[in-house]
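Participant: coords please:
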Amino acid sequence: MAFWHNWWNQLSGFQQQLILLMSVADEFWSSLTEGHQTVTGIIALNVVVLCCWRIPYLHRSMIKYFMSNPASNTQCLPMVLSSFSHYSVVHLVANMYVLWTFSTGIVSLLGKEQFLAFYLSAGVISTMVSYMCKAATGRLHPSLGASGAIMAVLAAVCTKMPEAKMGIIFLPMITFTAGNALKALVAIDAAGLILGWRLFDHAAHLGGALFGIWYVSYGHKLIWRKREPLVKLWHDMRSPGAGGSRPGG
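Facilitator: This is a model prediction of the structure:
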């Protein structure tokens, strides 16, 4: 005990504060659920991309790679990167709040690895649906944001737990079931798509929601549970000669 006391006293004030700060951060991190820990990296990446939008030197690259636009020469990469891209702080905060709120439920449902695969797939598929609707209607305006992927998360949780009670943060006295909330959101986005509203990318929202519903109902059985041969093949490719001795999952 005396050793640690002497060691602590030999540290500078800055070093002591740094150690205390690291201890508090570690305690906070340990108190988070696995879902919150998993989405922390996604939220941090979204914040970094938002900051990059504020750098004039990067503006042309951000438009090319972090904004989905069916009229752009760069099509594939923005389908992924635009799901981590927000230009408005309000848009970012709203999306990340929903992601944080539903993260514990979705990660408990799918597990960390499957959730990450699901989230990335939802981002790509929702953007692809947006591309198709824009090309069909001739409204080739660009869009960005994680809303499509987050709608998939919300739809997956609501589909699996339709009787769960939900509320509005500013109106806590009003509650409704998750199933009814999902129906309302899908109806609003369907109306927005049909009527040509441009406040949100309603096609991406619908694409994400439908993917989330399909995945938790059927997709994980068709895709995730049958990944064993692919995982074994990947291990064999990484370790030639180790072949059959390496487990497949």
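Participant: ok, now which ones touch the residue nearest the centre of the chain?
Facilitator: With distances taken as CA atoms, centre = their mean, the residue of the chain nearest its centroid is residue 119 (5.1 Å). Applying CB atoms under 8 Å, 6 or more residues apart in numbering, we find residue 119 in contact with 42, 149, 152, 153. To be clear about C-beta, it is placed using only N, CA and C from the backbone, and glycine gets the same treatment.
Participant: So which of these is the closest to residue 164?
Facilitator: Closest approach between those and residue 164, by CB to CB: residue 153, at 14.0 Å.
Participant: My read is that the closest one contacts residue 211, right?
Facilitator: No: between residue 153 and residue 211 there is no contact under CB atoms under 8 Å: 10.3 Å.
Participant: intersection of neighbour lists for those two?
Facilitator: The contact lists of residue 153 and residue 211 share residue 122, where a contact means CB under 8 Å, 6+ apart.
Participant: Tell me which residues are up against the helix or strand hosting residue 213.
Facilitator: Applying DSSP states H and E as the criterion places residue 213 in helix 202-214. Outside helix 202-214, the residues within contact range by CB under 8 Å, 6+ apart are 121-123, 125-130, 132-134, 143, 147-156, 159, 182, 185-186, 189-190, 192-193, 219.
Participant: As a check, name the ranges of all strands in the protein.
Facilitator: 165-168, 171-177 (DSSP state E).
Participant: tell me the most buried of these?
Facilitator: strand 165-168 (a mean of 13; mean count of other CB atoms under 10 Å).
Participant: Show me what that strand is packed against.
Facilitator: Using 3 or more CB pairs under 8 Å, 6 or more residues apart in numbering; DSSP states H and E as the contact test, the elements touching strand 165-168 are strand 171-177, helix 178-195.
Participant: What's the biggest helix in the chain, counting residues?
Facilitator: Once the chain is assigned using DSSP state H, the helix that runs over the most residues is helix 112-137.
Participant: how big is the angle separating that helix from helix 202-214?
Facilitator: Orientation of helix 112-137 against helix 202-214 (axes from the mean of the first three to the mean of the last three CA atoms, to 10 degrees) gives an angle of 140 degrees.
Participant: so who does the residue nearest to residue 39 when sequence neighbours are not counted touch?
Facilitator: Nearest residue to residue 39, sequence neighbours excluded (CB to CB, 6 or more residues apart in numbering): residue 103, at 4.3 Å. By CB under 8 Å, 6+ apart, residue 103 lies in contact with 33, 35, 36, 38, 39, 153.
Participant: Of these, grab the buried ones for PyMOL.
Facilitator: In PyMOL syntax, the buried subset of these is picked out as below (16 or more other CB atoms under 10 Å):
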select buried, resi 35+36+38+39+153
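Participant: With pLDDT and distance to residue 84 as new columns, can the contacts of residue 103 be given to me in CSV?
Facilitator: As requested, the contacts of residue 103 are arranged in CSV below (pLDDT from 0 to 100; distance: CB to CB, whole Å):
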residue, pLDDT, distance to residue 84
33, 81, 22
35, 86, 18
36, 91, 18
38, 90, 15
39, 91, 12
153, 94, 14
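Participant: In helices, which of the contacts of residue 103 fall?
Facilitator: Filtering the contacts of residue 103 for helices - DSSP H - leaves 35, 36, 38, 39, 153.
Participant: Report the two of the residues you listed separated the most.
Facilitator: 36 and 153 (13.4 Å).
Participant: residues near residue 93, how many?
Facilitator: Using other CB atoms under 10 Å, residue 93 has 12 neighbouring residues.
Participant: And for residue 68?
Facilitator: 30.
Participant: can you tell me which residues contact the closest residue to it other than its chain neighbours?
Facilitator: Nearest residue to residue 68, sequence neighbours excluded (CB to CB, 6+ apart): residue 82, at 4.2 Å. Counting by CB under 8 Å, 6+ apart, residue 82 touches 66, 67, 68, 123, 127, 143, 144, 145.
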